[in-house]
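1. have a look; sequence and predicted model below, questions after that.
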Amino acid sequence: MTPGTSNSECEKGEEDDRKIFKIFKTPISKGREHFKTTSKRLQNLPDGQGAGMNKTNKITTQIKRLKESNYKRKVKIRVMPLKKNPNHYSIYLDMWVNNKHEYRFLERYLTGDKLRDDESVRIALATRDKEEAEYYKNDISYSLSNWKKKGNFLEYFAAYAAKQPHPSWTSGLHAFENFMTGRHTLQFQHIDTRLIESYRDHLLETFAVNTAWMYFAKLKACLNHAVKDGILEKNPAKDVSIGRQETDKVFLTTDEITRLENAECPHPELKRAFLFACHTGLRLSDIEALNWRSISEGNLTIRQQKTSDLLIIPLPAEAIDLLGTQATGPVFDLPSRTYILKALKKWAQNAGIDKHIGFHTARHTFAVTSLEMEIDIYTLSKLMGHRTLEQ
C-alpha cells in the first residue's frame, strides 16, 4: 500500500473498470477549474508534504499525459483532488449526453505509485475510447466528417433527384421542400428521427396514403445514398415507415376502350398515347421516352425507364395503326403530368366512363385483355417487362 493512501481508496482503485459509472452532478465550471489548477497545486506543495516532490512530479507527468490525450476528443479525461487526501487525484470523464453535461467517475486514481498510476491511465484511455465510440454510434450528428456534416441536404436531394429518370423523384423532392418551407438549408447533422417522423406525419395529413408512401420512399432512398456516399453512417429514417395501402386495380373493358376511341379528348396526342399504352402495356415513363428509332419492322425495342432492363415486344395491329407514318425523334409529344391527369379525367367523362383512370389503367387493361386472349402468365410477364411473375 502506498504511504498516505487509505485501505478503502486502494480497494476502490483496484475495482473492475467495467463497474457501472457513477454520475457526478457538479457545476461545469467547478469541474473544469479543478482540472486547470491541478498542476499549480502540485508545483506549489510545501517541502515534506505527501510523499515528496518525486511523487508529485510523477503525478504531474500523468496528468499532462491525460491532458494531451484530450486533443480533438469529444469525451475528455479530467482529474479531481480527493477530499480526504488532496495530493491524490480521481480520474473521470467529461462529456455531453443527450445535450446535458455529465461527469463519469471511473474510480481510478493517481497516487504517485508509478505502476498503479500507469494502470489507471491505461484503463482511463481505453474506457474513454470505448465511451466515445458509443457516443458517435448513438449520435448521428457526430457520425459525419467535419465538412460533410455541414453540407446542405436540400441541395444533395435536388442533385440526386435530377439524376433519376422517373418524374416521381421530382414530385418527392417538391413534397420535402414544401415541408421545409422557409428554409433553404438543412445540414445533414440536423436530420434526426424527430424530423423524419414529423415529415411522415405531414405526408399522411397532406396526401393519400400511397402517394405519401411514394414520397417518403424517395427521401429514404436519398438518405440511403448519402450513407453509401459516406456522408451519413446510418439512415435516420431506417426505422420510420409508411404502410402501403392495397388498392383495386382499375382496368377498361373492350366496350370502354371503344367509347374512349369515339370520345373527344382535350389533347389529341394524349389520346393516341393512352390508347397505344392500352395495346402495349407500356408505362407512362416509357411512352414519354419512346423514340422512332426504337420501332422497326413491327417490333418495339426499348430500355425501360424504371428498371433499365431491355424490353422487346411485337406490336399488335391496333398499336401500329396508332403510330401512323414513320418519322424521327420522339413518337409522342405529351403535356405535363399534371395536365395529363386533368385531361384523362375530362376524356373519361366525355366517354361516359365513371372510373378514375391514369396511365397505369392502360397497363392494367393490357394485362387483363391479354389474359382474356389466353396468353399465358409467363409470356405476359415478359411482355410487360416484369422481372418476376409476382410483379
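-> It's in.
2. run the chain-centre distance for the helix or strand where Ala159 lies.
-> Here Ala159 sits within helix 153-162, counting by DSSP states H and E. How far helix 153-162 lies from its chain's middle: 13 Å, per Cα atoms, centre = their mean, to the nearest Å.
3. packing partners of that helix?
-> Judged by 3 or more Cβ pairs under 8 Å, 6 or more residues apart in numbering; DSSP states H and E, the packing partners of helix 153-162 are helix 168-179, helix 209-228. C-betas here are computed from N, CA, C, even on glycine.
4. I'd like the average pLDDT over the shortest one.
-> Across helix 168-179, pLDDT averages out at 90.
5. hmm, back to that, could you point out which of the helices and strands packed on helix 153-162 sits nearest Met80?
-> helix 209-228 (40.6 Å; Cβ to Cβ).
6. quick one, that closest one and helix 168-179 angle?
-> For helix 209-228 against helix 168-179, the angle by axes from the mean of the first three to the mean of the last three Cα atoms, to 10 degrees is 90 degrees.
7. so what touches the very next helix or strand once past helix 209-228?
-> Next in sequence after helix 209-228, counting helices and strands by DSSP H and E, comes helix 254-262. Here helix 254-262 makes contact (Cβ atoms under 8 Å, 6 or more residues apart in numbering) with 252, 271, 274-275, 278, 347-348, 351-353, 355, 365, 369.
8. could I have the buried ones of those as ChimeraX selection syntax?
-> Only the buried entries of the contacts of helix 254-262 go into this ChimeraX selection, using 16 or more other Cβ atoms under 10 Å:
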select :252,271,274,275,278,347,348,351,353,365,369
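9. can you tell me the strand partners of the strand ranked longest in the chain and which way each runs?
-> In the chain, assigned by DSSP state E, the strand with the most residues is strand 100-110. Strand 100-110 has the following sheet partners, assigned by DSSP bridges: strand 22-24 (antiparallel), strand 89-97 (antiparallel).
10. most tightly surrounded among these?
-> Highest mean neighbour count among the strands paired with strand 100-110 (mean count of other Cβ atoms under 10 Å): strand 89-97, with a mean of 21.
11. the bottom helix or strand of the chain by mean pLDDT?
-> Between all helices and strands in the chain, the lowest mean by mean pLDDT, DSSP states H and E belongs to strand 22-24, at a mean of 39.
12. tell me where the model's unsure across the stretch 251-391 of the chain.
-> Along the stretch 251-391 of the chain, segments meeting pLDDT under 70 span 378, 384-391.
13. try 80 this time
-> 305-309, 374-391 (pLDDT under 80).
14. where do the strands of it begin and end?
-> Here the stretch 251-391 of the chain has its strands, by DSSP state E, counting those that start in this stretch, at 295-296, 299-303, 310-314.
15. between the helix holding Ala159 and helix 168-179, what angle do the directions make?
-> 160 degrees.
16. in this structure Glu132 contacts Lys74, no?
-> Yes: if you go by Cβ atoms under 8 Å, Glu132 and Lys74 touch, sitting 5.9 Å apart.
17. out of the two, which sits in the busier spot?
-> Neighbour totals were compared for Glu132 and Lys74, and Glu132 leads with 17 against 14 (other Cβ atoms under 10 Å).
18. name the nearest residue to Asp192, ignoring sequence neighbours.
-> Nearest residue to Asp192 in three dimensions, chain neighbours excluded: Pro236, at 5.6 Å (Cβ to Cβ, 6 or more residues apart in numbering).
19. residues in contact with that neighbour?
-> So Pro236 contacts 140, 191-193, 195-196, 223 (Cβ under 8 Å, 6+ apart).
20. helices - which of those residues land there?
-> 193, 195-196, 223 (DSSP state H).
21. mind putting those residues in a markdown table, pLDDT and neighbour count included?
-> A markdown table is the format used below for those (pLDDT from 0 to 100; neighbours: other Cβ atoms under 10 Å):
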| residue | pLDDT | neighbour count |
| --- | --- | --- |
| Thr193 | 92 | 13 |
| Leu195 | 94 | 16 |
| Ile196 | 95 | 20 |
| Leu223 | 94 | 24 |
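22. which residues touch the residue lying closest to Asp94 once chain neighbours are set aside?
-> Using Cβ to Cβ, 6+ apart and skipping the chain neighbours, the partner closest in space to Asp94 is Lys76 (4.2 Å). Contacts for Lys76 were tallied using Cβ under 8 Å, 6+ apart; they are 70, 93-95.
23. same thing with Val227?
-> Val227 neighbours (Cβ under 8 Å, 6+ apart): 233-235.
24. mind pulling up the pLDDT for it?
-> Val227 is given a pLDDT of 89.
25. go on, Arg32?
-> 48.
26. repeat that for Leu144.
-> 41.
27. how near is Gly112 to Thr60?
-> 10 Å (Cβ to Cβ, to the nearest Å).
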